[in-house]
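1. coordinates only, sequence not included:
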């Protein structure tokens with residue numbers, strides 16, 4: 001997988017070199033709910049929207065929001081279903097969804113940018129930046145090991161007391177409070193792989209202490225504003241979205257709550273709710289619409305965010321022992337036949353699931369967001385790719 005991904009920084013840069021950032025920003029603003037951008041063929045836009053509508057009905061999720069970036073840089077976005085089932089409010093392509101662990105791609109990119117600037121080193125130990133984090137809990141791990149989930153540091157949500165504290169705790173929730181629920185490490189740093197959100201909570205603290213500025217501000221000014229992206233936000237510390245989807249779960253749901261399950265929203269502008277988004281923070285507290293997230297991924301893997309050497313480090317995927325993915329620095333790598341290689345990230349948080357992938361062989365980016373956390377989202381991703389990829393291949397053959 002690593003050898004095929006090595007071409008990301010060359011082929012993509014050649015294509016994106018002809019697209020100024022202003023154009024990317026314009027593409028982000030194009031299109032409306034249920035429709036496609038002007039730069040995407042009417043045939044493909046129609047087929048994609050039809051597939052979204054079919055999947056929303058077939059799989060019984062409240063709402064789906066999807067976006068695709070094609071090899072020529074054109075962007076399509078579409079949506080189907082209801083953002084809020086009680087009121088019947090329909091979803092549209094501007095509706096924000098919680099994106100869960102896709103947040104990690106932003107935190108990783110920011111750490112790598114700070115390393116480029118010499119403000120920190122990936123080989124710095126945690127205790128250099130978070131000295132109050134006890135050695136007995138893994139503070140000797142390096143930032144690189146945090147990024148790659150090879151620190152061995154305990155996953156805070158594995159502690160049953162954490163969920164109780166979240167439900168009963170007062171806001172605002174802080175990273176320091178989260179670290180109170182971290183127990184002894186699973187293993188010594190570098191001696192294995194264990195996915196742990198605590199790693200990214202610590203990285204968020206490192207970023208704030210390196211820059212002396214809030215994480216939300218650093219993500220916005222260093223990553224999003226240069227790309228003209230206004231509809232991606234780390235919710236804690238950012239303005240609220242005007243249009244959000246509610247999240248739904250079958251967990252602890254009663255039949256009276258309907259076929260989509262329990263609404264996990266709390267009446268605030270946070271998704272899934274204020275407590276969970278603040279507790280997730282640097283590990284999974286961001287929200288976005290599908291189109292903006294697709295443009296982000298296209299720019300990230302296209303070499304518009306990081307220097308080529310940093311991007312190479314990010315996508316240096318290593319085996320994890322997990323059946324479904326390898327891991328680099330804040331990114332997953334997956335093999336999903338017949339599209340053999342994908343790099344990006346998946347996310348899940350109460351009431352929401354997300355997948356964001358770049359396919360290097362096809363030079364296609366895809367994002368799928370749903371406001372339900374009990375459905376196997378990969379089915380919708382596969383359905384969408386089955387529409388996009390044949391047309392991309394056909395277009396490539398016509399050009400040759």
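-> Noted; the coordinates are in hand. Small disclaimer: the values here were computed from a predicted structure and weren't measured.
2. quick one: mean pLDDT for stretch 190-197?
-> Per-residue pLDDT values over stretch 190-197 give a mean of 97.
3. can you tell me what sits against that stretch?
-> Contact with stretch 190-197 is made by 101, 141, 145, 148-157, 186-187, 280, 283-284, 318, 320-322, 327, as judged by Cβ atoms under 8 Å, 6 or more residues apart in numbering. Every residue, glycine included, has its C-beta placed from N, CA and C.
4. out of the residues you listed, which are buried?
-> Buried residues within the contacts of stretch 190-197, counting neighbours by 16 or more other Cβ atoms under 10 Å: 101, 141, 145, 148-157, 186, 280, 283-284, 320, 327.
5. from these, which ones fall inside strands?
-> Mapping these onto strands (DSSP state E) picks out residue 327.
6. tell me the backbone dihedrals of residue 287, please.
-> phi -140, psi 150 (degrees, to the nearest 10).
7. surely it touches residue 98?
-> Yes - with contact defined as Cβ atoms under 8 Å, residue 287 and residue 98 form a contacting pair (5.3 Å).
8. between those two, tell me which one has more neighbours.
-> Ranked by neighbour count (other Cβ atoms under 10 Å), residue 287 and residue 98 place residue 98 first, with 34 against 31.
9. please enumerate the shared neighbours of residue 287 and residue 98.
-> The contact sets of residue 287 and residue 98 overlap at 271, 277 (Cβ under 8 Å, 6+ apart).
10. how about the nearest residue to residue 165 once chain neighbours are set aside, what does it touch?
-> In space, residue 165 comes closest to residue 181 once its chain neighbours are excluded; the distance is 6.9 Å by Cβ to Cβ, 6 or more residues apart in numbering. Residue 181 sits next to 156, 159, 161-162, 165 when contact means Cβ under 8 Å, 6+ apart.
11. same thing but at 6 Å, please
-> By Cβ atoms under 6 Å, 6 or more residues apart in numbering, the contact list for residue 181 reads 156, 159, 162.
12. mind listing what the second one touches?
-> Read it as residue 159. Contacts of residue 159 (Cβ under 6 Å, 6+ apart): residue 181.
13. residue 129 versus that one, what's the distance?
-> Per Cβ to Cβ, to the nearest Å, residue 159 is found 23 Å from residue 129.
14. give the other helices and strands that the biggest helix by length in the chain contacts.
-> The longest helix of the chain (DSSP state H) is helix 378-399. Helices and strands touching helix 378-399, by 3 or more Cβ pairs under 6 Å, 6 or more residues apart in numbering; DSSP states H and E, are helix 42-59, strand 364-370.
15. for residue 259, find the nearest of the ones you listed.
-> Nearest of the helices and strands packed on helix 378-399 to residue 259, taken as Cβ to Cβ: helix 42-59 at 12.0 Å.
16. the closest one: which residues count as buried?
-> Buried residues in helix 42-59, counted by 16+ other Cβ under 10 Å: 44-45, 47-49, 51-53, 55-56, 59.
17. now those residues as CSV including pLDDT and distance to residue 376?
-> Listed next are the buried residues of helix 42-59 as CSV, based on pLDDT from 0 to 100; distance: Cβ to Cβ, whole Å:
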residue, pLDDT, distance to residue 376
44, 94, 25
45, 95, 26
47, 96, 23
48, 97, 20
49, 97, 22
51, 97, 17
52, 98, 17
53, 97, 19
55, 97, 12
56, 96, 15
59, 92, 9
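18. out of those, who's nearest residue 350?
-> Taking the buried residues of helix 42-59 together and measuring to residue 350 by Cβ to Cβ, the closest member is residue 59, at 19.1 Å.
19. residue contacts, the closest one?
-> By Cβ under 6 Å, 6+ apart, residue 59 lies in contact with residue 375.
20. any idea how far residue 336 is from residue 394?
-> Residue 394 is 21 Å from residue 336, where distance means Cβ to Cβ.
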